[in-house]
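>>> prediction below, plus the sequence it came from.
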Number of protein chains: 2
Amino acid sequence: VRIAILGVGLIGGSIGLAARERADATVSGYDADPQACAAALELGAIDERAADIAEAVRGAQVVFAATPVGVLARTVREALLHASSDCVVSDVGSTKLALEDARQDRRFIGGHPLAGAETAGVAHARGDLFDGATWYLTPTPPVDGPLTPTPPVDGPFTPTPPMDGSLTDGSRTDGISTDALYERLRDLIERLGADPVAMRPEAHDRLMACVSHLPHALANVLAAQAAAACEREGSPLTAGPSLGDAIRVAGANTSIWIDIYLANRAALLEAIDETARGLGEVRAALLEGDADALAAWNERARAAREALLG
Amino acid sequence: VRIAILGVGLIGGSIGLAARERADATVSGYDADPQACAAALELGAIDERAADIAEAVRGAQVVFAATPVGVLARTVREALLHASSDCVVSDVGSTKLALEDARQDRRFIGGHPLAGAETAGVAHARGDLFDGATWYLTPTPPVDGPLTPTPPVDGPFTPTPPMDGSLTDGSRTDGISTDALYERLRDLIERLGADPVAMRPEAHDRLMACVSHLPHALANVLAAQAAAACEREGSPLTAGPSLGDAIRVAGANTSIWIDIYLANRAALLEAIDETARGLGEVRAALLEGDADALAAWNERARAAREALLG
């Protein structure tokens, strides 16, 4: 398989390494930063450096746009402009509604691997970064069962009709069916080591607000509060293991994360309000000295942690 | 040096290992659970098993009470009853005001190492558990400069006069000065690999509310919220790296943690309210789409994280 990677940082570089090692792929890479591209080539994350997006996507069967969220829509638009009619174009951004324009093109299938964290840059890329990781895919028409969540949150799922008139049931139009494009992408992602999960873009973004953007925001609030408490109480600034884990991602790359927070702010605001309600419940139990309520709350949290961490 | 450890779990066992390896200590151990004591002996965390607290503390120069917070006051009381007049008795509990009675005895100096986390039990004990860890000490009379935080939070620090009539300036009374007891404990803790930091009990408890109890409470709230979001949006229950770190301590040992939350609930309530205010500020910036405010907030969090994690 021939793939193109646009933006060879931690995620793009890791896709390249995994695709070359595990899917026998030929990988063309482009990055606005020539040094990142050179490093990716040296690391074996890509086979060829492209001078621009048009050159990178030429002949590709799968394109991954892996640039920061703030420029991702532009990267995807340009990729779709130059990619062939039977190429599937995906991305790895952590919000999916932001790419609404691209969803009008039947070749675009949004994606988002749950991998990578406080490190950044192709120097940290690893071919096993996606092993066992959930990789969300947000195809526009319904492809499989999982696309219809039970119960639906905001009414039944009505797919956006693609602008080129292709049928939403995956019928063939100009040479390759949308289902075939989806399957090609899904199969490749499985070979990268990840677990693909299909989901509606809206549901994905609401979910990310809770499981990714909110943890980053809480880490920010907690880090500032803990540092202020140390100063106030005359303690050296130090973190035990629980605080250390809790603030690991505090102050993540500002230019990337401000774009993410703003791109998903409606869902993030709801998630913050839900957290405030959750804190209100603990507050009430503490105020009443209600040991039973605290115990039940703690047991629910343990069950949730065990379910989430496997 | 001859030391006694009352309660040989993760912390007690690690003190024993470190003291035997690094301070040439002879360690007597007692645990209400005979199996824990047997395991500690087998692991080399203690030299001798004692049948009860009286036997364990006989001849000891330093006693560490390392039982769960719920029974800690009783353990300390019994240790003080049987310990010699020139023995220093300390503990490792995460709240210090709860031991107010013991503070009337000049031989008692509260302590709390910032170490250990989601694991428990002597099987996880390690001789290097305290390497580089902050170990708070809360002596009742002022010993060093650090005891007077700048600026004082709730008025000047007025030491509680010890009941036995010893002078609060560390003068000798019955054979050994309080300063000498403090120095013996501090020196031992340094040999265990930790950094002792003197602090007032009230300040310690307010600090712990922010840097330990609050992170546990937030992990609980977040774990439950994230699991509910996965179910609501039709996703498998899974955690990326940021969520995984953030909920690592969610649902920690219920019987231990309910006691901790309740023992420090006044300070924890204040910490929760401060978090709610912090979330309110982010909420306002998101609502206004204020990228500058979000960037400034994120940069402050980064500086705090770097200061706390070193």
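Perfect, thanks for sending it. Just so it is clear, the structure is predicted and the values come from calculations on it, not from any experiment.
>>> does stretch A:220-236 reach chain B?
Yes. Using Cβ under 8 Å from any Cβ of the partner chain, stretch A:220-236 reaches chain B at A:220-230, A:232-236. Heads up, the C-betas are built off the backbone N, CA and C, glycines and all.
>>> A:Ile258: what's it in contact with?
B:291, B:294-295, B:298 (Cβ atoms under 8 Å, 6 or more residues apart in numbering or on different chains).
>>> what about the helices in chain A?
Here chain A has its helices, by DSSP state H, at A:10-22, A:34-43, A:53-57, A:69-82, A:178-191, A:201-208, A:214-233, A:241-246, A:254-263, A:265-288, A:291-309.
>>> columns distance to B:Glu100 and mean pLDDT on top of those helices, output as CSV?
Output for these, formatted as CSV (distance: least, Cβ to Cβ, whole Å; pLDDT from 0 to 100):
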stretch, distance to B:Glu100, mean pLDDT
helix A:10-22, 51, 97
helix A:34-43, 59, 96
helix A:53-57, 68, 98
helix A:69-82, 52, 94
helix A:178-191, 59, 96
helix A:201-208, 47, 95
helix A:214-233, 19, 97
helix A:241-246, 25, 93
helix A:254-263, 45, 92
helix A:265-288, 20, 97
helix A:291-309, 21, 98
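>>> turn those into JSON lines, columns for distance to B:Ala285.
Compiled in JSON lines, the helices of chain A are given as follows (distance: least, Cβ to Cβ, whole Å):
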{"stretch": "helix A:10-22", "distance to B:Ala285": "27"}
{"stretch": "helix A:34-43", "distance to B:Ala285": "31"}
{"stretch": "helix A:53-57", "distance to B:Ala285": "34"}
{"stretch": "helix A:69-82", "distance to B:Ala285": "17"}
{"stretch": "helix A:178-191", "distance to B:Ala285": "35"}
{"stretch": "helix A:201-208", "distance to B:Ala285": "19"}
{"stretch": "helix A:214-233", "distance to B:Ala285": "10"}
{"stretch": "helix A:241-246", "distance to B:Ala285": "21"}
{"stretch": "helix A:254-263", "distance to B:Ala285": "9"}
{"stretch": "helix A:265-288", "distance to B:Ala285": "9"}
{"stretch": "helix A:291-309", "distance to B:Ala285": "28"}
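>>> wait, which of those helices is closest to B:Asp31?
helix A:241-246 (23.2 Å; Cβ to Cβ).
>>> which residues does the closest one contact?
So helix A:241-246 is contacted by A:218-219, A:222, A:226, B:114-118, B:211-212, B:215-216, B:218-219, B:245-246, B:248-249, B:308-309 (Cβ under 8 Å, 6+ apart).
>>> quick revisit: restrict the contacts of A:Ile258 to those near chain A?
B:291, B:294-295, B:298.
>>> buried residues in stretch A:95-115?
Buried positions in stretch A:95-115, judged by neighbour count with 16 or more other Cβ atoms under 10 Å in any protein chain shown: A:95-99, A:102-103, A:105-115.
>>> same deal with stretch A:197-207?
So for stretch A:197-207, counting by 16+ other Cβ under 10 Å, buried means A:197-207.
>>> how far does that stretch sit from the chain's center?
10 Å (Cα atoms, centre = their mean, to the nearest Å).
>>> touching chain B at all, that stretch?
Yes. With Cβ under 8 Å from any Cβ as the criterion, chain B is reached by stretch A:197-207 at A:197, A:199, A:203-204, A:206-207.
>>> which pair in those spans the largest distance?
A:Val197 and A:Arg206 (14.6 Å).
>>> mind listing what the nearest residue to A:Ile3 once chain neighbours are set aside touches?
For A:Ile3, ignoring the flanking residues on the chain, the nearest one in space by Cβ to Cβ, 6 or more residues apart in numbering or on different chains is A:Val62 at 4.5 Å. With contact taken as Cβ under 8 Å, 6+ apart, A:Val62 is in contact with A:1-4, A:87-88, A:90, A:184-185, A:188.
>>> A:Leu269 touches B:Arg283, doesn't it?
Yes. Counting by Cβ atoms under 8 Å, B:Arg283 is a contact partner of A:Leu269 at 6.3 Å.
>>> phi and psi next, for the nearest residue to A:Ala19 once chain neighbours are set aside.
Nearest residue to A:Ala19, sequence neighbours excluded (Cβ to Cβ, 6+ apart): A:Ala25, at 3.8 Å. When read as degrees, to the nearest 10, the backbone of A:Ala25 gives phi -90, psi 150.
>>> got it, and A:Asp128?
Main-chain torsions, A:Asp128, degrees, to the nearest 10: phi -110, psi 20.
>>> once you drop chain neighbours, what's closest to it?
A:Gly193 (6.4 Å).
>>> right, and chain B sits closest to which residue of the stretch 151-300 of chain A?
At 2.4 Å from chain B, A:Gly251 is the closest residue in the stretch 151-300 of chain A, using Cβ to the nearest Cβ.
>>> enumerate every residue touching that residue.
Counting by Cβ under 8 Å, 6+ apart, A:Gly251 has contacts A:220, A:223, B:298-306.
>>> okay, it: pLDDT?
pLDDT for A:Gly251: 96.
>>> who are the contact partners of the closest residue to A:Met199 other than its chain neighbours?
Excluding the flanking residues, the one nearest A:Met199 by Cβ to Cβ, 6+ apart is A:Tyr136, at 5.3 Å. By Cβ under 8 Å, 6+ apart, A:Tyr136 lies in contact with A:96, A:111-114, A:196-199, A:204, B:235.
>>> just list whatever residues bridge to A:Tyr136.
A:His112, A:Val197 (DSSP bridges).
>>> separation between it and A:Pro201?
Going from A:Tyr136 to A:Pro201 by Cβ to Cβ, to the nearest Å gives 9 Å.
>>> list residues touching both of these two?
What both A:Tyr136 and A:Pro201 touch, as defined by Cβ under 8 Å, 6+ apart, is the set A:Lys96.
>>> what about the nearest residue to A:Ile109 once chain neighbours are set aside, neighbour count?
Using Cβ to Cβ, 6+ apart and skipping residues adjacent in sequence, the residue nearest A:Ile109 is A:Pro139, 4.8 Å away. A:Pro139 has 28 neighbours, counted by other Cβ atoms under 10 Å in any protein chain shown.
>>> A:Pro139: what's it in contact with?
A:109-110, A:147, A:178, A:182, A:198.
>>> circling back: ok, now how distant is the residue nearest to A:Ile3 from A:Glu183?
Taking Cβ to Cβ, one finds A:Val62 at 12 Å from A:Glu183.
>>> hang on, isn't A:Ser235 packed against B:Val197?
Yes. Judged on Cβ under 8 Å, A:Ser235 makes contact with B:Val197 at a distance of 6.3 Å.
>>> intersection of neighbour lists for these two?
Joint contacts of A:Ser235 and B:Val197 (Cβ under 8 Å, 6+ apart) are B:134, B:136.
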